[in-house]
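> okay, sequence plus prediction incoming.
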Amino acid sequence: MLRPLQQSDVERLSQLWLHLACSSHPSLPVKFWMAQARILRRELSAKCRGRGVGSDGTSHWVYTRPGSDVAEGLITISNNRRVETIFVSPGEQGHGVGSALMEQAKFGRVQLEACVLEENLRGRYFLQQHGFAETARKHNKAANQDEIYMNCRVA
């Protein structure tokens, strides 16, 4: 089931994101991701008060299993077209949850864009499976690797 982000989701999603970020980016120290997780937690807490689509065009959608209210995945779309984050709990990966979140992101939009670090092969593959193609690269000094910019025309 997809629904807007709620305040009660923030802690679980922040911890889940931290775990997945560390495992998807082995070259970066955990300390780097812990700092990013604190930022994510603050942003989610601030944004979820408005629920659904915020005044800045940012929307946060959460996946929960049928009959449960536990957040198992999240997608954040900003400026009505940029996928800022998408992730799914390990137990739900490979069961269509990420695809459902991506379909929600595509709904009513003409184009989406995303950015992923070069070493995140699983994330890059997922985006490619959903119609994203690389459009540019830029070196990320903090991560000491390229960020890959990707776009998707929504049919």
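Yep, it's here.
> what's next to the helix or strand of the chain with the lowest mean pLDDT, contact-wise?
Taking mean pLDDT, DSSP states H and E as the measure, helix 30-48 is the helix or strand of the chain with the lowest mean score, a mean of 89. Helix 30-48 is contacted by residues 4-7, 9-11, 13-15, 17-18, 21-22, 25, 54, 58, 60, 85, 142-143 when judged by CB atoms under 8 Å, 6 or more residues apart in numbering. C-beta: built from backbone N, CA, C; applies to glycine.
> one more: stretch 88-101?
By CB under 8 Å, 6+ apart, stretch 88-101 touches 2, 16, 20, 61, 63, 65, 72-75, 86, 126, 130.
> what's the ChimeraX line that selects buried ones from those?
Those of those that count as buried under 16 or more other CB atoms under 10 Å are selected in ChimeraX with:
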select :16,20,61,63,72,73,74,75,86,126,130
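> taking the contacts of stretch 88-101 together, which two end up most distant?
Farthest pair in those (CB to CB) is Arg65 and His130. Separation: 21.7 Å.
> related to what we said a few turns ago, what's the following helix or strand past the least confident helix or strand of the chain packed up against?
Where DSSP states H and E defines the elements, the next helix or strand beyond helix 30-48 is strand 59-64. Under the contact definition 3 or more CB pairs under 8 Å, 6 or more residues apart in numbering; DSSP states H and E, strand 59-64 sits against strand 2-4, helix 30-48, strand 71-78, helix 97-106.
> switch the cut-off to 6 Å
strand 2-4, strand 71-78, helix 97-106 (3 or more CB pairs under 6 Å, 6 or more residues apart in numbering; DSSP states H and E).
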